[in-house]
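[1] output the structure for:
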Amino acid sequence: MHTDDRVVPLRQVRHAECSTCPRNQVCFSRFADGDLASSLEGLRVSTRLLHRGDHVFFSGQPCTSLAIVKSGHVKTTIVSAEGEEQITGFCGPGELLGADGLATKLHNVDVVALGTVSVCIMNIDTLLRAGTRHEVLVNILSGQIVSGERLLLTLGKLDAEQRLAAFLLEQSRARHRAGFSERCFTLPMSRADIGNHLNLAVETVSRLFTRFRQRGLIRFERNEVHWLDVDGLAKVREEPLGCQAAG
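    Have a look, this model is predicted:
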């Protein structure tokens with residue numbers, strides 16, 4: 001793995017790096033204030049640079065640390081009994097990685113960089129010993145897990161158009177949470193990855209993107225989304241285009 005590692009005290013990271021980082025309002029540092037900051041004095045953070053295909057975590061690896069995406073995007077995957085990869089989600093700036101291993105002490109998914117990715121790595125034992133306020137961090141982790149599970153359950157009840165609409169809306173919301181435009185952004189994952197995640201053939205994904213473009217719901221070139229009709233996609237999420245036309 002190609003990495004660029006540095007280990008520095010949290011106080012130094014927060015004031016020397018996080019204060020100038022464009023992601024400082026959406027990642028862990030925004031919680032490092034007041035009493036919580038004092039309790040985290042001894043926590044040490046490693047900043048790591050990864051490239052496409054590099055792993056942040058491996059399935060089965062002991063869960064000794066958590067990570068936060070500073071820049072770039074990753075996918076989380078599991079391997080079926082038949083040896084087939086299933087993409088369970090995508091994570092971008094400000095999102096926590098590794099929470100899946102909190103209960104079992106082992107990571108349950110592979111976390112793989114989709115391109116150039118920068119992450120901040122934190123030792124979990126030190127983190128969870130960081131005073132009485134650590135429940136704030138646990139709540140953040142739990143909320144992210146529940147959100148991901150809810151999306152997976154929702155996708156299973158939708159048809160192909162609705163699945164892609166729901167996926168694009170979730171990507172839009174994620175960009176908005178990270179401080180980016182919710183209507184203009186990059187989709188870092190391939191059509192094949194999207195199809196794998198949504199359980200759709202890549203040809204179906206391509207056909208639906210074309211249909212959405214023709215309906216004015218999305219304008220894009222390759223993976224660059226130049227316009228996303230959030231309201232229109234929300235309507236498709238509730239009622240497929242075919243049903244709207246029939247009505």
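
[2] please, where are all the strands along the chain?
    All strands of the chain, identified by DSSP state E, fall at 6-9, 44-50, 55-57, 65-71, 74-79, 85-91, 96-97, 110-113, 117-123, 185-186, 218-221, 224-228.

[3] out of these, nearest to A160?
    Comparing these by their distance to A160 (CB to CB), the top pick is strand 218-221, with 15.3 Å. Where C-beta positions appear, they are placed from N, C-alpha and C, glycine not excepted.

[4] so what does the closest one touch, helix or strand wise?
    Applying 3 or more CB pairs under 8 Å, 6 or more residues apart in numbering; DSSP states H and E, we find strand 218-221 packed against helix 202-214, strand 224-228.

[5] can you put those in JSON lines and add mean neighbour count?
    Shown next, in JSON lines, are the helices and strands packed on strand 218-221 (neighbours: other CB atoms under 10 Å):
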{"stretch": "helix 202-214", "mean neighbour count": "16"}
{"stretch": "strand 224-228", "mean neighbour count": "15"}
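
[6] put together a markdown table for the ones you listed, with distance to A165 and mean pLDDT on each row.
    As requested, the helices and strands packed on strand 218-221 are exported to a markdown table (distance: least, CB to CB, whole Å; pLDDT from 0 to 100):
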| stretch | distance to A165 | mean pLDDT |
| --- | --- | --- |
| helix 202-214 | 8 | 97 |
| strand 224-228 | 10 | 94 |
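
[7] any chance of the ones you listed in TSV, plus distance to C63?
    Listed next are the helices and strands packed on strand 218-221 as TSV, based on distance: least, CB to CB, whole Å:
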stretch	distance to C63
helix 202-214	33
strand 224-228	34
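
[8] where does pLDDT dip in this protein?
    Low-confidence segments of the chain (pLDDT under 70): 1-44, 126-156, 242-247.

[9] quick one: residues contacting V202.
    Neighbouring residues of V202 by CB atoms under 8 Å, 6 or more residues apart in numbering: R191, A192, G195.
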